[in-house]
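Participant: Okay, sequence plus prediction incoming.
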Amino acid sequence: MTHEELEESVPLYAAGALDRSERQALEAHLLSGCVSCHAALKEFQSVAALLPLALSPITPPPSLKATIMAERNPASIPAEAATHEPVKQSLEPGEWMNHLFPPVAPAQSSSLPWALGFATFLVVAVGGYVAWSVSTERSVTTSNIQQLEASLKETSTKFANLQREAGDQAKALAELRNELQQRTDETAETKEQLTQREAELEEIRVQLSQRGNTRTVETPQDELATLLRIPNAKTVSLAGSDMAKQAAGFLLYDSRTQKVWLYSVNLPESPAGTTYQLWAIHDKPVSIGTFNMDSGKAAHLLVKKAPSFVDAKTFAVSLEPSGGRPQPTGQIYLLSQS
Amino acid sequence: MDTPSPHATSIIDPTLLARVVKGDQQAFSQLYDYSSTLLFTLAVRMLGNREEAAELLQDVYLEVWRKVSRYDVGRGTPIAWMITLTKSRAIDRLRARASRGYRATNSLEGGMATQVADPAPSPLETQADQELRTAIGAAVAGLPQSQQQAIELAYYEGLSHTEIATRLNQPLGTVKTRIKLGMSKLRESLQQWGHQGELQ
């Protein structure tokens, strides 16, 4: 509720018309020290306390006084009555607000009581303030204790929660550690696999490059270049025989891949029905391959899978009938010089 | 009965209560004389019958006797304290009744304002009491009937504004406004009366 709403409820409070919850809300507001509401309440309470005076007086039955005086048990006057002065003990909390009443002129004054005069409210205000302070202090202390208790409870709950959270976090941490260990193991394994793969890849690369060498048949220059890059490839020079003194050639071969590449110049055109045949000679000649010379002065022969001629020292090219012969039968045209 | 004293009901001297605290029978007797008519009137108005009002007053005076040491002058006049005690005990009885399904008949004995134009003064009343009574009667009588009724239901029957709205079949806001306006007018009237009194 806003201050305005609470202030509006003051006259209703004085008349006794508020619901319990509204009454409590206003009392809490008053205890919070709202001066204007407090002042308004005092005025309205003064009015409310006077209302019964507006009723037509009804005299109680005469017997009532005797009954009351007789019923009154002096023994029931408690120890609290032993004090000599009216002790300024408080009424029940909350009830005090119902007691605000304008103080009246002293008994000996026979003049009109100015009790209801506005100025006399000040006297009540002073007394009321003392009572207000005591009551407020007590309420404040009580509410402080309640607040402390509440906050203690809250703190305990928070602590328990924190402990639980800490436990959860430790558990989570252990899980994470396990997971990390697992990941580390996996990583090591992966690394090993990677090394293996790299090795395999290297092997494949080598194989590919070897296949690549093979594949470049279409382009003799590439094939020649590849063969030239092989460190162990052997080179053999061939010179023309008496049959073709102008002719020359050279031969490249790699015993590992069994590739042979022959390049020749100035060989005479091979007549129809004949072919040149290259031989590797160790103990006996072994045919490496055949080739023709049509026109032009240069020719080359590539043999991808030549018969083994590891130990061959001499190479020769002879002119043979078409298709070649198992053994050289015609004239030698080129002969290795070593 | 004790000899009437010049004390007015509205101006019971707090020292009288101090004497009651000390167990002074005479003082208690005086206190009764000064206050019983007003409290009985209030009780009859609230409870609607004299028998129950008499019972109530027995309870109230017994409580006064027992609790007098707890009376705090700083919190109001003695009579205001006793009015509050009477009101709350009467409301207790009204609520107990309501829970038993009792139908209230108390409105038969008149409204909040003095019904008789000029009631004969009680032998115990002083001039001060009479003037005060007249002023308050006039202030209440000056209120519109609807405002009087709403305040009366709250004050004498202990009904909340919600209960009053239901009883009168009126919107809650209307009931609240009636009580607020009525109480404010009463306050103004009594303040004016107080100031005039001061000027005399």
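Facilitator: Okay, I see it. Numbers count the residues shown, from 1 in each chain, chains lettered A, B, ... in the order given.
Participant: Only C-alpha atoms from now on, for both contacts and neighbour counts.
Facilitator: Noted.
Participant: Which strands and helices lie in contact with the longest helix along chain B?
Facilitator: Using DSSP state H, we find that the single longest helix of chain B is helix B:172-199. Where contact means 3 or more CA pairs under 8 Å, 6 or more residues apart in numbering or on different chains; DSSP states H and E, helix B:172-199 is packed against helix A:10-15, helix A:35-50, helix B:127-141, helix B:145-157, helix B:161-168.
Participant: Swap in 10 Å and give it another go.
Facilitator: helix A:3-8, helix A:10-15, helix A:35-50, helix B:127-141, helix B:145-157, helix B:161-168 (3 or more CA pairs under 10 Å, 6 or more residues apart in numbering or on different chains; DSSP states H and E).
Participant: Quick one: name whatever helix or strand follows the longest one.
Facilitator: For helix A:35-50, the succeeding helix or strand toward the C-terminus, using DSSP states H and E, is helix A:62-71.
Participant: touching chain B at all, that next one?
Facilitator: Yes. Under the criterion of CA under 10 Å from any CA of the partner chain, helix A:62-71 makes contact with chain B via A:62, A:63, A:64, A:65, A:66, A:67, A:68, A:69, A:71.
Participant: Dump the helix or strand where residue A:278 lies to CSV, keeping only the CA atoms.
Facilitator: Element membership of residue A:278, judged by DSSP H and E, is strand A:274-281. Coordinates of each C-alpha in strand A:274-281 appear next as CSV, following Å, rounded to 0.1, in the frame of the first residue of the first chain:
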residue,chain,number,x,y,z
THR,A,274,62.2,-55.0,-90.9
THR,A,275,62.6,-53.6,-87.3
TYR,A,276,65.3,-52.5,-85.1
GLN,A,277,65.8,-54.7,-82.0
LEU,A,278,67.6,-53.7,-78.8
TRP,A,279,69.6,-56.3,-77.0
ALA,A,280,71.3,-56.6,-73.7
ILE,A,281,74.2,-58.9,-73.8
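Participant: what distance separates that strand from the centre of its chain?
Facilitator: 76 Å (CA atoms, centre = their mean, to the nearest Å).
Participant: Now the element after that strand, going C-ward?
Facilitator: Moving toward the C-terminus from strand A:274-281, the next helix or strand (DSSP H and E) is strand A:285-291.
Participant: picking that back up, of all the helices and strands packed on helix B:172-199, which one comes closest to residue B:186?
Facilitator: Nearest to residue B:186 among those is helix B:127-141; the distance by CA to CA comes to 5.8 Å.
Participant: Packing partners of the closest one?
Facilitator: Looks like helix B:127-141 contacts helix A:35-50, helix B:145-157, helix B:172-199 (3+ CA pairs under 10 Å, 6+ apart).
Participant: what angle separates it from helix A:35-50?
Facilitator: For helix B:127-141 against helix A:35-50, the angle by axes from the mean of the first three to the mean of the last three CA atoms, to 10 degrees is 110 degrees.
Participant: Now do the helices in the stretch 201-338 of chain A.
Facilitator: A:220-229 (DSSP state H, counting those that start in this stretch).
Participant: I'd say residue A:300 and residue A:291 touch.
Facilitator: Yes. Residue A:300 is in contact with residue A:291 according to CA atoms under 10 Å; the separation is 7.8 Å.
Participant: quick one: which of these two has more around it?
Facilitator: residue A:291 (21 against 17; other CA atoms under 10 Å in any protein chain shown).
Participant: what's the spacing between residue B:191 and residue A:312?
Facilitator: Note on residue B:191: its distance to residue A:312, by CA to CA, to the nearest Å, is 144 Å.
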